[in-house]
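Trainee: need a 3D model of the sequence below.
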Amino acid sequence: MRANILQELIQLVRAQRTNRQLGGVLAFIAGAINAGGFLAVQRYTSNTTGIVSAIAGDLISGHVAWAFAGVALLISFICGAATTGALATRARRRRLQGEFAHPLVLEAVLLLLFGLLGANLELLGEWFVPSTVLLPCFIMGLQNAIVSKISKTEIRTTHMTGVITDLGVELGRWIHGDDPRGVDGQRMVKADSEKVALYTTILGLFVGGGVVDAIAFSVVGFAAAVLFAAVLVTLAALPMLQDLRSMGDRSTGDVS
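Mentor: Numbering: from 1, shown residues only. Next comes the predicted model:
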């Protein structure tokens, strides 16, 4: 990662490389959150496909309460994504540089809240566990929408099905090779090496985040959330400071 990435993040129009680097960092954090959610409540909170499938299965098997729980998880994920959309739209209308800084800070705050709740599950009681699961689902929706909007849907960070599928497609092209003769007179498209590198990196960082969180969880417990929240705040700090300065300059200009 380049040293000036934080400076580049405050630009409304960012280089594709910067967006991919940010996506990689958030993929690492998503892997950590997913692992943390499982360690806390034995549920993977980023698997929306699995949640939807479970809802259908629970309805068929007559487990209505479980189905409603799945619907709550799904709604929480959607609400997280909607929150990012609302915050980003608001920032853009106000012409703020840190368009995605506010969702990142909100994600950091919610991560700290999740760590606090997780560390006190025994005191809160079993009734509080379901609501604790909703929190990482909301965070996952929030973050996936951030990266989706930044990369214009090129990158996903909270679930790897699409990433692995796209990686497989590119590898299939690479195995076939570039055929000058083509089919029906059209040249065959060769694999995009940049996309292969991108998808491999995103997948590796997601797995790496889960491993790091599992190790950190075994050492410091839910306090590990502080580490990942600090990374998010670091990413958002410079854009937010830039916006505060800009608003201060505008206020000074209005007064004068």
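Trainee: so what's the residue count around the closest residue in space to residue 166 that isn't next to it in sequence?
Mentor: In space, residue 166 comes closest to residue 199 once its chain neighbours are excluded; the distance is 5.5 Å by Cβ to Cβ, 6 or more residues apart in numbering. Bear in mind the C-beta positions are built from the backbone N, C-alpha and C, glycine included. Per other Cβ atoms under 10 Å, the neighbour tally for residue 199 reads 23.
Trainee: so who does residue 199 touch?
Mentor: Residue 199 is in contact with 163, 164, 166, 167, 170, counting by Cβ atoms under 8 Å, 6 or more residues apart in numbering.
Trainee: mark which of those residues are buried, thanks.
Mentor: With burial judged by 16 or more other Cβ atoms under 10 Å, the buried subset of the contacts of residue 199 is 163, 166, 167, 170.
Trainee: got the contact list for the third one?
Mentor: With Cβ under 8 Å, 6+ apart as the criterion, the residues that contact residue 167 are 196, 199, 200, 203.
Trainee: greatest separation within the residues you listed: which pair is it?
Mentor: 196 and 203 (10.8 Å; Cβ to Cβ).
Trainee: can I assume residue 95 sits in a helix?
Mentor: No. Read with DSSP: H, G, I helix; E, B strand; the rest coil, residue 95 is coil and lies in no helix.
Trainee: for it, grab the count of nearby residues.
Mentor: Burial of residue 95 is recorded as 11 neighbouring residues (other Cβ under 10 Å).
Trainee: I'd like to know how far residue 55 sits from residue 66.
Mentor: Counting by Cβ to Cβ, to the nearest Å, the gap from residue 55 to residue 66 is 8 Å.
Trainee: more neighbours, those two?
Mentor: A count of neighbours by other Cβ under 10 Å puts residue 55 above the other of residue 55 and residue 66, at 19 against 15.
Trainee: and the more buried one, what element?
Mentor: Here residue 55 sits within helix 48-61, counting by DSSP states H and E.
Trainee: what about that helix, average pLDDT?
Mentor: For helix 48-61, mean pLDDT rounds to 84.
Trainee: who does it touch, helix- and strand-wise?
Mentor: Under the contact definition 3 or more Cβ pairs under 8 Å, 6 or more residues apart in numbering; DSSP states H and E, helix 48-61 sits against helix 64-93.
Trainee: give me the angle between the helix it packs on and helix 48-61.
Mentor: 150 degrees (axes from the mean of the first three to the mean of the last three Cα atoms, to 10 degrees).
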